[in-house]
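Participant: model the structure of this input:
(one chain, ligands or ions: 2)
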Amino acid sequence: MDKLLIQGGKRLAGDITISGAKNAALPILCAGLLTSGKLELSNVPRLHDVATMLKLLGQTGLKVAQDDECVTLQGDAIDKLEAPYELVKTMRASILVLGPLLARFGEAKVSLPGGCAIGSRPVDQHIKGLQALGAEITIEGGYIYAKCKKLKGTRIVTDMITVTGTENLLMAATLAEGETILENAAREPEVTDLAHLLVAMGAKIEGIGTDRLVIQGVAELHGAKHAVISDRIETATFLCAVAAAGGDITLRNTRTDILDAALDKLREIGLQMTIGPDWIRAQMDQRPKPVTFRTTEYPGFPTDMQAQFMAVNTIAEGPSRVTETIFENRFMHVQEMNRLGAAIETDGNTAFITGVDHLIGAPVMATDLRASASLVIAALAARGETLVDRIYHLDRGYDRMEVKLSAVGADIVRVK
Ligand SMILES: CC(=O)N[C@H]1[C@@H](OP(=O)(O)OP(=O)(O)OC[C@H]2O[C@@H](n3ccc(=O)[nH]c3=O)[C@H](O)[C@@H]2O)O[C@H](CO)[C@@H](O)[C@@H]1O
Ligand SMILES: C=C(OP(=O)(O)O)C(=O)O
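Facilitator: Ligands and ions are numbered 1, 2, ... in the order given. Got it, this is the predicted structure:
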């Protein structure tokens, strides 16, 4: 099993190119199921989750061709309307094939994703929404069996804001008969990116970027070309790395207009930033200042950045408080950070951090994707050597993180 060996205390300096966003690429790849036409996608990140998704889509009969960061999909020979447990269990986003398969073919069998480390993560809202669109759904033997003659547009109000729930229902609604209104829709930039692709494929969607999406169903969608939006979470992760380790880095191929909540907190930390349309130069030459925040849906502070900011808080010049409101079990990095000498206590969904003068390297275990990234950040700032185990979590969602970090001066190597 791969691990990362990190010698902390090195200043970071140089350029990093940000990859396409995992959370945009995964639904966008699933949109390939909605058409017999050709989807030509660029800026697709090289990630385990993308490889898993392409394998899953390939099994349906969708034709997949991949060349570096470009993926071409053609859905003119899909004949297996199924997502098996073996693949779904490794990636929850597999649930995103449900809406498209059902809408286009009137049938789908998709394994229930089950819980995961950060929380129970049910998919009841996806199911409830598809039922409202007229699908007959049964659950048996761990599988969702969905059937319909033709989905019919309706008004759907989800009980909570759900990102993949919105994406699944949005994709389904593009091929439903008549008008669908999605109230309480997620406004995450990745949902918006998917909506822009769907429009390029011929879908009729109003309210893009708002919490009320109005979709007029069309008989069919056609092929399109699309560049996946750059990854705001990867961007903010590298900004936290320089905030913790110190240095002067420039991030390229990024989007600076979808990062407000994180950028505000980074300014509070003391990170000096110069911001262009698609680049950010970040400089840090002081001990971080502590930041208190709570995670919320976009445009609020993203849960996917909670752990990385906590890593910066561990060595900040004072106490801070972090409240996680999206997932019920997203503090698994706390124990591991404390192994590095951090002083964090938790009470329910709030973590209380007392900034320490420095962390000291130790062997630690990654428990989920963003927890892994937070441990890398802590290790970059720590004195001595840290071995981060179970980095398969990291590989799910970061495109060659150790290569990008060593190119800017970090002492980080992948070991077996
Ligand atoms: C592939 C992808 O895009 N993953 C992102 C997506 O996950 P994902 O789409 O799975 O997260 P959701 O937005 O659906 O989850 C938000 C909350 O709603 C709950 N819920 C959700 C759906 C449902 O049917 N029932 C239900 O109870 C969840 O358990 C969670 O507590 O958004 C999360 C929140 O920004 C991010 O952390 C993930 O990185
Ligand atoms: C939780 C995440 O991803 P997923 O929904 O794919 O588990 C994440 O990207 O931080």
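
Participant: not counting its neighbours along the chain, what's nearest the closest residue to ligand 2 within the chain?
Facilitator: Residue nearest to ligand 2 within the chain (CB to the nearest ligand atom): D304, separated by 4.0 Å. The way it works is simple: take the backbone N, C-alpha and C, and place the C-beta from them, glycine included. Leaving aside its sequence neighbours, D304 sits nearest to I233 (CB to CB, 6 or more residues apart in numbering; 4.8 Å).

Participant: my guess is that neighbour is in a helix, correct?
Facilitator: Yes: secondary structure of I233 (DSSP: H, G, I helix; E, B strand; the rest coil): part of a helix.

Participant: so how far is ligand 1 from it?
Facilitator: The span separating I233 from ligand 1 equals 8 Å under the rule CB to the nearest ligand atom, to the nearest Å.

Participant: does that residue touch N23 like I think?
Facilitator: Yes: at 7.5 Å, I233 and N23 qualify as touching, with contact defined as CB atoms under 8 Å.

Participant: find residues that contact each of these two.
Facilitator: Shared contacts of I233 and N23, defined by CB atoms under 8 Å, 6 or more residues apart in numbering, comprise D304.

Participant: can you read off the pLDDT for the nearest residue to I18 once chain neighbours are set aside?
Facilitator: For I18, ignoring the flanking residues on the chain, the nearest one in space by CB to CB, 6+ apart is T254 at 4.4 Å. pLDDT recorded at T254 is 98.

Participant: and for A117?
Facilitator: So A117 comes in at 87 (pLDDT).

Participant: cool, and the one 4 residues further on?
Facilitator: Per-residue pLDDT puts R121 at 92.

Participant: would you agree it is in contact with R92?
Facilitator: Yes: counting by CB under 8 Å, R121 touches R92, with 6.4 Å between them.

Participant: need the overlap of contacts for these two.
Facilitator: Counting by CB under 8 Å, 6+ apart, the contacts common to R121 and R92 are P113.

Participant: just the strands in the stretch 301-416 of the chain please.
Facilitator: Under the criterion DSSP state E, counting those that start in this stretch, strands of the stretch 301-416 of the chain are mapped to 319-323, 343-347, 350-354, 363-365, 385-389, 411-415.

Participant: separation between D76 and A172?
Facilitator: The gap separating D76 from A172 is 20 Å, by CB to CB, to the nearest Å.

Participant: neighbour count winner among these two?
Facilitator: A172 (28 against 11; other CB atoms under 10 Å).

Participant: which of the helices or strands spans the nearest residue to the more buried one once chain neighbours are set aside?
Facilitator: The spatial neighbour of A172 that comes closest, neighbours along the chain excluded (CB to CB, 6+ apart), is G99 at 3.6 Å. G99 is part of helix 98-105, with elements assigned from DSSP states H and E.

Participant: from the chain's centroid, how far away is that helix?
Facilitator: 23 Å (CA atoms, centre = their mean, to the nearest Å).

Participant: which strands or helices does it pack on?
Facilitator: Taking 3 or more CB pairs under 8 Å, 6 or more residues apart in numbering; DSSP states H and E as contact, the helices and strands that helix 98-105 lies on are strand 107-111, helix 124-132, strand 143-147, helix 163-174.

Participant: ok now the helix or strand that the longest one is followed by, how far from the chain's centre?
Facilitator: If you walk from helix 163-174 toward the C-terminus, the next helix or strand you reach (DSSP H and E) is strand 179-183. Distance of strand 179-183 from the chain centroid (CA atoms, centre = their mean) equals 24 Å.

Participant: residues near the residue nearest to G8 when sequence neighbours are not counted, how many?
Facilitator: The shortest distance from G8 to any non-neighbouring residue, by CB to CB, 6+ apart, is to A382 (3.9 Å). A382 has 29 neighbours, counted by other CB under 10 Å.

Participant: surely A382 meets G9?
Facilitator: Yes: applying CB under 8 Å as the test, A382 and G9 come out as touching, 7.4 Å apart.

Participant: how does this structure divide into domains?
Facilitator: The chain breaks down into these domains under the TED database: 3-19+230-415, 22-227.

Participant: is ligand 2 within reach of the last one?
Facilitator: To tie it back to what came earlier, the one meant is domain 22-227. Yes: applying CB under 6 Å from any ligand atom, one finds domain 22-227 in contact with ligand 2 at N23, R92, A93.

Participant: please name whichever of those residues scores lowest on pLDDT.
Facilitator: Lowest pLDDT within the residues of domain 22-227 next to ligand 2 is found at R92 (93).

Participant: phi and psi next, for it.
Facilitator: The phi/psi pair for R92 (degrees, to the nearest 10) reads phi -60, psi -30.

Participant: in contact with it, which residues?
Facilitator: Counting by CB under 8 Å, 6+ apart, R92 makes contact with P113, C116, R121, T164.

Participant: which one of these is nearest to I144?
Facilitator: Nearest to I144 out of the contacts of R92 is P113 (CB to CB; 9.6 Å).

Participant: okay, now the closest one: neighbour count?
Facilitator: Using other CB under 10 Å, P113 is surrounded by 23 other residues.

Participant: ok, now G14?
Facilitator: For G14, using other CB under 10 Å, the count is 12.

Participant: is it fair to say it lies in a strand?
Facilitator: Yes: assessed by three-state DSSP, G14 belongs to a strand.

Participant: that one - nearest residue in space that isn't next to it in sequence?
Facilitator: G14 sits nearest to V408 (CB to CB, 6+ apart), 4.0 Å away.

Participant: what stretches of the chain score poorly on pLDDT?
Facilitator: For the chain, the stretches flagged by pLDDT under 70 are 115.

Participant: need the helices for the stretch 251-400 of the chain, in chain order.
Facilitator: Ranges of helices in the stretch 251-400 of the chain, per DSSP state H, counting those that start in this stretch, are 260-269, 306-314, 333-339, 369-381, 392-397.

Participant: so which bits of the chain are right by ligand 1?
Facilitator: Residues of the chain lying close to ligand 1 (CB under 6 Å from any ligand atom) are 23, 26, 92-93, 119, 121-126, 160, 162-165, 190, 303-304, 326-327.
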